[in-house]
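Asker: I need the structure of the sequence given here:
(one chain, ligands or ions: 2)
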Amino acid sequence: MIILGIETTCDETGISLIECENNRLRILKNELASQYKVHNKFGGVVPILAAREHTKNLPILLKKINQDFNLEKIDYLAFSVGPGLLPALIAGKEFVIKLAEKLNKKIIPVDHLSAHWYSVLIKNKSGWQKIKQIDFPTLILIVSGGHTNLYLFENWGKRKKLGQTLDDAAGESLDKAARILNLGYPGGPQIEKMSKLAKKYYMLPKPILNKGYNFSFSGLKTAFSELVKEIKKYQKLNQQTVADLSFSFQKTVFEILIYKIKKAVSEFSPKTIIVAGGVSANQTLRKMIKNVLPNFKIYFPEKTLATDNGVNIALAGYLLVKNKRKVIGASKLDVYQRLP
Ligand code: KG4
Ligand code: ZN
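Answerer: Ligands and ions are numbered 1, 2, ... in the order given. The predicted model follows:
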């Protein structure tokens, strides 16, 4: 089965082609157009510009795939219908509808978050590979620019959401902290880089730490912004201070995430843990989690599959079809800022 995966939920335009059979997969093509240069000067994603970039980039990426692959051979189009930025999703939807009509193919609507958790099952390499099997129950943390969700999965078909962010997502808070420090967008990788140079730790608050499994990062961001203002009153923000502040913010966010993971581990005794989404690309976060749970099998996506891309969407599409989930005609396709 050959699946074309299309990703346009936020600021990455991704189209990938995979071939799958009997729990095996090979990545045939993986095209990605990152928009960070467009959004960098605004310090965050501008939805309408993201949409414009998707409309511009999708045909270019498809052409690259079409150069050495006949699109008629595709079985299904997998498309991430949300959650995401509505203008970006609509731009993707228009492209997918036209393509599905032209090729006369059905569409597999994919939940963007599921694409993140499935991403840990494969490697980003060419050639055939087995899709990994996970031991359940598994505890799943999705940490991205739009989400911070904690789930307990009995199996892939049965899950319970334990908590989610009540305001900013973890990645969003890192992006905002980076903006406060003038580090550019996306902020997560910049904060990670600067943190390595730190020599000092500034204490910051951990909102709603002891209140269940929800998260809250907006109060932390405000406290951080106040701290930076205070420091600026008596000194210029030199590189060392920016490094110290980056480290302090990152450490605080990660300690909050880990606190809730540990709490869920002791309450629900999962057999495995999955941490996925853009922020899971962070090597310090990975080390911190492994250090506090040394005896656990913890799955992270490969760094290049942690952030948004078409391979994750295509893989999720395959797993849905394999489990007999409905595919739809182009006229039925809709997109969602929040999935119903
Ligand atoms: O999953 P993703 O590509 O898009 C969403 O679904 O939101 O995640 C993007 C987020 C951004 O907030 C970005 O700053 C963060 O992931 N991110 C990182 C790293 N790489 C990307 N955060 C921390 N460390 C990184 N290395
Ligand atoms: Zn994502």
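Asker: so where do the helices sit in the stretch 1-150 of the chain?
Answerer: 36-40, 47-67, 86-103, 112-118 (DSSP state H, counting those that start in this stretch).
Asker: which one of those is the most hemmed in?
Answerer: helix 112-118 (a mean of 26; mean count of other CB atoms under 10 Å). Where C-beta positions appear, they are placed from N, C-alpha and C, glycine not excepted.
Asker: quick one: closest of the helices of the stretch 1-150 of the chain to Val335.
Answerer: helix 86-103 (3.7 Å; CB to CB).
Asker: what mean pLDDT does that closest one get?
Answerer: Here the mean pLDDT over helix 86-103 is 98, rounded to a whole number.
Asker: just use 46 as the starting number from now, easier for me
Answerer: Okay, residue one is now 46; in that scheme the one you just asked about reads as helix 131-148.
Asker: residues from the stretch 146-295 of the chain in reach of ligand 1?
Answerer: Ser189, Gly190, Gly191, Gly216, Glu217, Leu219, Asp220, Pro231, Gly232, Gly233, Pro234, Glu237 (CB under 6 Å from any ligand atom).
Asker: close enough to count as contact, the third one and Pro128?
Answerer: Yes: in this structure, Gly191 is within contact of Pro128 by CB atoms under 8 Å, at 6.5 Å.
Asker: intersection of neighbour lists for these two?
Answerer: Contact criterion CB atoms under 8 Å, 6 or more residues apart in numbering; residues shared by Gly191 and Pro128: Thr54.
Asker: mind checking which of those two has more residues around it?
Answerer: Relative neighbour count places Gly191 above the other of Gly191 and Pro128, with 24 against 19, counting by other CB atoms under 10 Å.
Asker: neighbours of the closest residue to the more buried one other than its chain neighbours, just the number please.
Answerer: Leaving aside its sequence neighbours, Gly191 sits nearest to Ala214 (CB to CB, 6 or more residues apart in numbering; 5.4 Å). Other residues near Ala214 come to 23 when the count uses other CB under 10 Å.
Asker: which residues touch Ala214?
Answerer: Residues in contact with Ala214, defined by CB under 8 Å, 6+ apart, are Val188, Ser189, Gly190, Gly191, His192, Thr193, Phe262.
Asker: apply 6 Å and report the result again.
Answerer: For Ala214, the residues meeting the contact criterion (CB atoms under 6 Å, 6 or more residues apart in numbering) are Gly191, His192, Thr193.
Asker: now the strands: where do they sit in the stretch 146-295 of the chain?
Answerer: Using DSSP state E, counting those that start in this stretch, the strands found in the stretch 146-295 of the chain span residues 151-156, 174-175, 183-188, 193-200, 203-209.
Asker: can I get those in a markdown table with mean neighbour count?
Answerer: Formatted as a markdown table, the strands of the stretch 146-295 of the chain follow (neighbours: other CB atoms under 10 Å):
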| stretch | mean neighbour count |
| --- | --- |
| strand 151-156 | 23 |
| strand 174-175 | 14 |
| strand 183-188 | 26 |
| strand 193-200 | 19 |
| strand 203-209 | 15 |
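Asker: now the ones you listed as TSV including distance to Phe341?
Answerer: Rendered in TSV, the data for these read as follows (distance: least, CB to CB, whole Å):
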stretch	distance to Phe341
strand 151-156	26
strand 174-175	22
strand 183-188	9
strand 193-200	14
strand 203-209	17
